[in-house]
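In: my questions are about this predicted structure, shown below with the sequence.
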Amino acid sequence: MRSWGQQPDGPADGRYAVQLTDVTKRYGDGPSAVLALDKVGAGIAPGTFTAVMGPSGSGKSTFLHCAAGLDRPTSGSVRLGAQDLSTLKERRLTELRRTRIGFVFQAFNLLPSLTVEQNITLPLRLAGRQVDAGWFDHIVKAVDLGDRLARFPAQLSGGQQQRVAIARALVTRPEVIFADEPTGALDPETARDILGLLRQAVTDLHQTVVMVTHDPVAAAHTDHALFLSAGHLVDALTEPSADRVADVMAGLRRAA
Ligand SMILES: Nc1ncnc2c1ncn2[C@@H]1O[C@H](COP(=O)(O)OP(=O)(O)OP(=O)(O)O)[C@@H](O)[C@H]1O
């Protein structure tokens, strides 16, 4: 049986960038336990942009955290490429997150005492890796921060800070970038720029991006939208338009 999130054509070599199989996540025990994800299956093909959507409390953040190795499922498996994350001890998992996954958060999460350049290259320094000057220049140009490398985050606008966060996520050339409401704190125009940048990371830099969002307009920048409801993956759209996404969301809210 095909899960909702399994893309119809799948990746050319049969390997997903990220694959969740029967992922269940339960918080707590006994009568107060919450089943945040219930046997969720999803395959994210490399080089695609995917939106994870659903009403509040449907399990989007839990999905992202389990898929990104930030949290462990109660049962089921998550693979990053060929690597089953459940077999990794905490230290190896941390190492994998640093080197093979990029993160972009709503609150930017930049280090205030580091310059733009130091923030961007931080994941490489934490992993003990050299900066590839050619790649660094390429991404700095892509996010248009070349003239702000010596500034500090507090000297930048919200949109500029999110561009630094995207450059930081790209610097290790990760297999997947996970973005949690990356435009949630931005005005609509700046949000459009940031979504355009994430789109560009997929189309031009061949990155794989998975983004949690509430916003149908944001989802319309993606290739696939997955819909969660009460911990189940219940629907999916390919090349989603904002109107179709809004219709699905309205249906899920009515059903809730
Ligand atoms: N650490 C936790 N402990 C207990 N319950 C949790 C925890 N984290 C999430 N939950 C519960 O799991 C369910 C799914 O939460 P999750 O944050 O994944 O949903 P979401 O779709 O991201 O919601 P939102 O859109 O409001 O951010 C909710 O019922 C939530 O209350």
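Out: Alright, I've got the coordinates. Numbers count the residues shown, from 1 in each chain.

In: tell me where the stretch 1-150 of the chain has helices.
Out: Under the criterion DSSP state H, counting those that start in this stretch, the stretch 1-150 of the chain contains helices at 60-67, 90-100, 116-126, 133-142.

In: most tightly surrounded among those helices?
Out: Ranked by mean neighbour count, the helices of the stretch 1-150 of the chain are led by helix 60-67 with a mean of 23 (mean count of other CB atoms under 10 Å). C-beta: built from backbone N, CA, C; applies to glycine.

In: can you show me the helices along the stretch 151-256 of the chain?
Out: All helices of the stretch 151-256 of the chain, identified by DSSP H, counting those that start in this stretch, fall at 158-170, 188-203, 216-219, 242-255.

In: interface residues of the stretch 101-250 of the chain facing the ligand?
Out: Listed as neighbours of the ligand in the stretch 101-250 of the chain under the rule CB under 6 Å from any ligand atom: no residues.

In: now with 8 Å, please.
Out: 181, 212, 214, 228, 231 (CB under 8 Å from any ligand atom).

In: among those residues, name the ones in strands.
Out: Using DSSP state E, the subset of these located in strands is 212, 228.

In: neighbour-wise, which one of the residues of the stretch 101-250 of the chain next to the ligand leads?
Out: Neighbour counts for these (other CB atoms under 10 Å) peak at residue 228, which has 28 neighbours.

In: for it, give me its contacts.
Out: When contacts are counted by CB atoms under 8 Å, 6 or more residues apart in numbering, residue 228 is found next to 37, 40, 52, 53, 54, 58, 59, 60, 63, 234.

In: cutoff 10 Å now
Out: By CB atoms under 10 Å, 6 or more residues apart in numbering, the residues touching residue 228 are 4-5, 36-38, 40, 42, 52-55, 57-60, 62-63, 212, 234-235, 252.

In: before we move on, the earlier item: mean pLDDT and mean neighbour count for the helices of the stretch 151-256 of the chain - can I get that in CSV?
Out: Compiled in CSV, the helices of the stretch 151-256 of the chain are given as follows (pLDDT from 0 to 100; neighbours: other CB atoms under 10 Å):
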stretch, mean pLDDT, mean neighbour count
helix 158-170, 94, 24
helix 188-203, 91, 17
helix 216-219, 95, 23
helix 242-255, 94, 15
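
In: okay if I get the ones you listed as TSV plus distance to residue 74?
Out: Shown next, in TSV, are the helices of the stretch 151-256 of the chain (distance: least, CB to CB, whole Å):
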stretch	distance to residue 74
helix 158-170	28
helix 188-203	30
helix 216-219	28
helix 242-255	24
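
In: got a PyMOL select line for the buried ones in the contacts of residue 228?
Out: The buried residues among the contacts of residue 228 can be selected in PyMOL (16 or more other CB atoms under 10 Å) with this line:
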select buried, resi 5+36+37+38+40+42+52+53+54+55+58+59+60+62+63+212+234+235+252
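
In: mind checking the helices of the stretch 151-256 of the chain for the one nearest to residue 117?
Out: Proximity to residue 117, assessed across the helices of the stretch 151-256 of the chain by CB to CB, is greatest for helix 158-170 (9.3 Å).
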